[in-house]
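J.: Return atomic coordinates for the entry below.
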Amino acid sequence: MTTQPALRTQNLGKRYRKGWALRDCTLELPPGRVSALVGPNGAGKTTLLRLAVGLLTPTTGSVEVLGESPATNTVRALTRIGFLAQDHPLYRQFTVADLLRFGRSCNVRFDHELAARRLTRLGIPLHARAGALSGGQQSQVALTLALAKRPDLLVLDEPLSSLDPLARQEFQRTLMGAVADSRLTVLFSSHALHELERVCDHLVVINHGRVVLAGDIESLLAEHRLLVGPRVGTDHRDPSVIEVSHSDRHTTMLVRQAATPVIPGWQANPVGLDELVLAYLRRPADPDAEDREQTA
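T.: Numbering: from 1, shown residues only. Below is the predicted model:
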């Protein structure tokens with residue numbers, strides 16, 4: 001089994017006219033995992049995804065998918081990547097069968113039988129025009145086209161944002177079935193943390209254009225805990241203290257040093273995924289990094 005990262009970035013950055021959308025992004029995604037990419041609007045998530053699939057070229061640094069650069073646009077590199085954009089783009093006047101034929105003509109590893117079988121099982125008629133399908137059906141067709149490429153890395157940019165709860169559930173079921181059937185690696189961007197927790201086992205949090213947290217979800221949750229005790233002052237320079245809040249009589253701290261003994265009179269509690277992610281997203285930008293950006 002290969003240990004080569006499915007996606008590796010090194011000091012990756014992308015700058016537009018108005019400034020940096022992504023900066024100093026160094027990241028490795030393990031193969032065969034489903035990784036959640038989380039961050040607020042404008043954090044750099046879509047820029048990172050588009051760099052990963054070769055739709056953008058880096059301003060600085062490098063990005064590799066299974067050891068190859070998608071920015072080279074070589075057939076070998078791009079055939080290993082599947083991408084599903086947020087708006088599930090399809091040629092609306094094409095029938096579903098037309099879309100499958102088009103996908104087969106454009107992708108050397110396209111599995112037409114797999115795609116037709118999957119759509120038939122979902123009850124999506126192949127003779128129907130894409131524009132006449134429901135939003136959930138369109139998302140399933142777009143996902144099926146991406147999966148039929150037989151990619152090694154599947155990149156999903158907010159695929160659930162426009163779907164109703166039932167369509168979301170069916171989409172997730174289809175995705176997890178595909179992951180179970182292969183060694184597919186998935187990078188899944190979404191704002192819905194409760195949905196990501198059901199399907200993802202690896203986490204990447206991005207904010208202010210930088211990766212602020214990454215790792216196995218179970219390990220990250222085990223490394224952090226909430227400490228509650230008498231109100232005290234805190235040293236904000238301590239890197240193990242992620243977030244601090246105070247009430248009239250108590251202080252609550254999220255810390256990343258789970259093995260450290262608890263101070264007498266304090267209580268240690270486990271942290272949930274929502275609490276963990278939101279704490280990192282609430283942290284201000286690194287002032288030293290901002291200084292570097294201004295002088296770059």
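J.: Where does Leu12 fall, secondary structure wise?
T.: Using DSSP states H and E, the element containing Leu12 is strand 7-16.
J.: Ramachandran angles for the nearest residue to Ala77 once chain neighbours are set aside?
T.: Ranked by CB to CB, 6 or more residues apart in numbering and with sequence neighbours excluded, the top spatial neighbour of Ala77 is Glu68, at 4.3 Å. (C-beta placed from N, C-alpha, C; glycine too.) The phi/psi pair for Glu68 (degrees, to the nearest 10) reads phi -120, psi 150.
J.: Go ahead and confirm Glu68 touches Arg76.
T.: Yes: shown here, Glu68 and Arg76 form a contact pair, counting by CB atoms under 8 Å, at 6.7 Å.
J.: of those two, who's got more company?
T.: Neighbours were counted for Glu68 and for Arg76 using other CB atoms under 10 Å; Glu68 has more, 15 against 10.
J.: Assign the most centrally placed residue in the chain to one of the three secondary structure states.
T.: For the chain, the residue sitting closest to the mean C-alpha position, by CA atoms, centre = their mean, is Leu37 at 2.5 Å. Under the three-state scheme (DSSP: H, G, I helix; E, B strand; the rest coil), Leu37 adopts strand.
J.: what sits against it?
T.: Contacts for Leu37 (CB atoms under 8 Å, 6 or more residues apart in numbering) come out as Lys45, Leu48, Leu49, Leu187, Phe188, Ser189, Ser190, Val204, Ile206.
J.: likewise Gly13?
T.: Residues in contact with Gly13, defined by CB under 8 Å, 6+ apart, are Trp20, Leu22, Arg23, Asp24, Cys25, Pro58, Thr59, Thr60, Gly61.
J.: Pairing partners for the residue nearest to the centre of the chain in the sheet, please.
T.: Assessed by DSSP bridges, Leu37 has beta-bridge partners Ser189, Val204.
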